[in-house]
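Q: Dropping the sequence and predicted coords here.
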Amino acid sequence: MNTAADKIRAEIAGRGAISFARFMELALYCPDCGFYEKENDTIGRRGDFYTSVSVGPLFGELLAFQFAEWLAGFGASLSGGQRAKNCPKAELRTELHPVQIVEAGAHDGRLAKDILNWLRWHRPALFGQIEYGIVEPSARRQERQRETLGEFAPRVRWVADLGSLRRGSNGAVSPPPSALRPPPSVCGIIFGNELLDALPVQRMGWDARRREWFEWGVIAEKQRFVWARLANANPVSRFPFPVPPEVLAVLPDGFTTEVCPAAESWWRAAAGRLERGRLLTFDYGLNAEEFLSPQRDGGTLRAYHRHRFSADVLGNVGEQDLTAHVNFSAIQAAGEAAGLRTERLETQARFLTDIARRAWDEGSGFGPWTPAHTRQFQTLTHPEHLGRPFRVLVQAK
């Protein structure tokens, strides 16, 4: 069993039809042969898809500028050997306390490098306080990130999951020494770029005659994978938002959409780690109502290979990216239920333009704005490129 397809086929042979969420998990994240475990780069001109990071360093530089504004005063408020009121779990120190930036899903580490580079050159005092944590369960991806970020060691630390974050003796983020020791919370920023839209989704179908939802699973027929209804499932209880009866009355038979309990669970876990600061994500996404529009009767699930869109999400297993739009209504509600307040939910174009407007001020300290910056900014914010499809959710505590 040397391929993801082999592993999926063996699992189906042993247990019957599997959920699409399990299919997607194995196709993308299988440690031996998943798409994201491939040695070759999957991002950029020679990869399978573009991201804001592959446009150039400006995305990370604008984020660093914004992060610096948000983090201003964090270290000072925790200094002088006095426990901060807003961070009751902070350690007592006589020097400036470190502040945290935690990135989940850092891919090859380029975004972290762009952020840290800008902070080093333009906010050196803050840079001296930064501890940069990367949440990465894959040992292979961790190794790639270490190669990219070697110049910043030992400032950067890796953990396999959010629950493993703690402050080390040198102020760096490191795993807890014992599973019995509860990790303290994060004071700073937790963020992800195109993380939630790559988490495994459940694919749901509408049975108009029975007026009920069912879940699509996957089976193997000869050498192909095909869709099959899952038996004994109760997918209605997993819907992250109520569907009005008048909408259900007009949904066509077979209408298909996706739900992603994994994304909501991750967001709740991140919210639980945040003692003070902000939690944000950049992702393809829609609000709840938009998922049920007539033009999306086939859902938002899609595959990408060599920058080409494919509707065959069950083919080319392990060799193509699988992604579905994020339900921002569900993610926003999960964060608010966990005690966060929503500051912004908007397009990437609006979010980055607001940052750039402040960076363009003569006294901002952002640094020279070059022609290369202008070209990158146009790609990041143009509605036909990355500006409109991507949305940004910022929640705070």
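A: Arrived safely.
Q: Just the helices from the stretch 101-250 of the chain, written as ranges.
A: 110-122, 124-127, 139-148, 245-248 (DSSP state H, counting those that start in this stretch).
Q: Please enumerate the strands of the stretch 1-150 of the chain.
A: 18-19, 99-104, 130-135 (DSSP state E, counting those that start in this stretch).
Q: Which elements pack onto the last one?
A: In terms of contact count using 3 or more C-beta pairs under 8 Å, 6 or more residues apart in numbering; DSSP states H and E, strand 130-135 is assigned the packing partners strand 99-104, helix 110-122, strand 156-159, strand 173-174. The way it works is simple: take the backbone N, C-alpha and C, and place the C-beta from them, glycine included.
Q: Next: the first one.
A: The contact analysis (3+ C-beta pairs under 8 Å, 6+ apart) places strand 18-19 against helix 4-15, strand 212-221.
Q: Nearest to residue 263, out of those?
A: Smallest distance to residue 263 across those (C-beta to C-beta): 16.8 Å, for strand 212-221.
Q: residue ranges of the strands in the stretch 251-397 of the chain, please?
A: Assigned by DSSP E, counting those that start in this stretch, the strands in the stretch 251-397 of the chain fall at 256-259, 274-286, 302-305, 308-310, 321-323, 326-327, 341-347, 390-396.
Q: What strands flank the fourth one, and is each parallel or antiparallel?
A: So that's strand 308-310. If you go by DSSP bridges, strand 308-310 pairs up with strand 302-305 (antiparallel).
Q: quick check: mean pLDDT across the partner strand?
A: Averaging pLDDT along strand 302-305 gives 89.
Q: CA atoms of that strand as CSV?
A: Extracted in CSV, the C-alpha atoms of strand 302-305 (Å, rounded to 0.1, in the frame of the first residue of the first chain):
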residue,chain,number,x,y,z
ARG,A,302,-13.3,21.2,-5.7
ALA,A,303,-9.9,19.8,-6.7
TYR,A,304,-6.9,21.5,-8.1
HIS,A,305,-4.0,20.0,-10.0
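Q: Contacts for it, please.
A: The contact list for strand 302-305, computed with C-beta atoms under 8 Å, 6 or more residues apart in numbering, reads 48-49, 309-313, 315-316, 319-324.
Q: which one of the helices and strands packed on strand 130-135 lies closest to residue 376?
A: Closest to residue 376 of the helices and strands packed on strand 130-135, according to C-beta to C-beta: helix 110-122, at 11.0 Å.
Q: Please list the outside residues in contact with that closest one.
A: For helix 110-122, contacts defined as C-beta under 8 Å, 6+ apart pick out 53, 57, 59-61, 63-65, 67-68, 101, 103, 106, 126-127, 130, 132, 134, 145, 148-149, 152, 155-156, 193, 365-367.
Q: what about 7 Å?
A: Outside of helix 110-122, the residues within contact range by C-beta atoms under 7 Å, 6 or more residues apart in numbering are 53, 57, 60-61, 63-64, 67-68, 103, 106, 126-127, 130, 132, 134, 148-149, 152, 156, 193, 365-367.
Q: from these, which would you call buried?
A: 53, 57, 60-61, 63-64, 67-68, 103, 106, 126-127, 130, 132, 134, 148-149, 152, 156, 193, 366 (16 or more other C-beta atoms under 10 Å).
Q: re earlier: mean pLDDT lowest where, among the strands of the stretch 251-397 of the chain?
A: Across the strands of the stretch 251-397 of the chain, strand 308-310 gives the lowest mean pLDDT, at a mean of 84.
Q: what comes up buried for that strand?
A: Residues of strand 308-310 classed as buried: none (neighbour count, 16+ other C-beta under 10 Å).
Q: count of neighbours near the closest residue to residue 353 other than its chain neighbours?
A: In space, and not counting its chain neighbours, residue 353 is closest to residue 381: 5.9 Å by C-beta to C-beta, 6 or more residues apart in numbering. Counted with other C-beta atoms under 10 Å, residues neighbouring residue 381 total 20.
Q: Looks like residue 381 contacts residue 352 (just checking).
A: Yes: the criterion here is C-beta atoms under 7 Å, and residue 381 meets it with residue 352 at 5.6 Å.
Q: can you give me the mean pLDDT across stretch 60-74?
A: Mean predicted lDDT for stretch 60-74 stands at 93.
Q: Oops, could you answer that again for stretch 109-122 instead?
A: Mean predicted confidence for stretch 109-122 is 97.
Q: what's the answer for stretch 209-218, then?
A: Here stretch 209-218 scores 92 as its mean pLDDT.
Q: any idea how far the closest residue to residue 300 other than its chain neighbours is from residue 394?
A: Counting by C-beta to C-beta, 6+ apart, residue 300 lies nearest to residue 325, which is 3.9 Å off, once chain neighbours are set aside. From residue 325 across to residue 394, the span is 19 Å (C-beta to C-beta, to the nearest Å).
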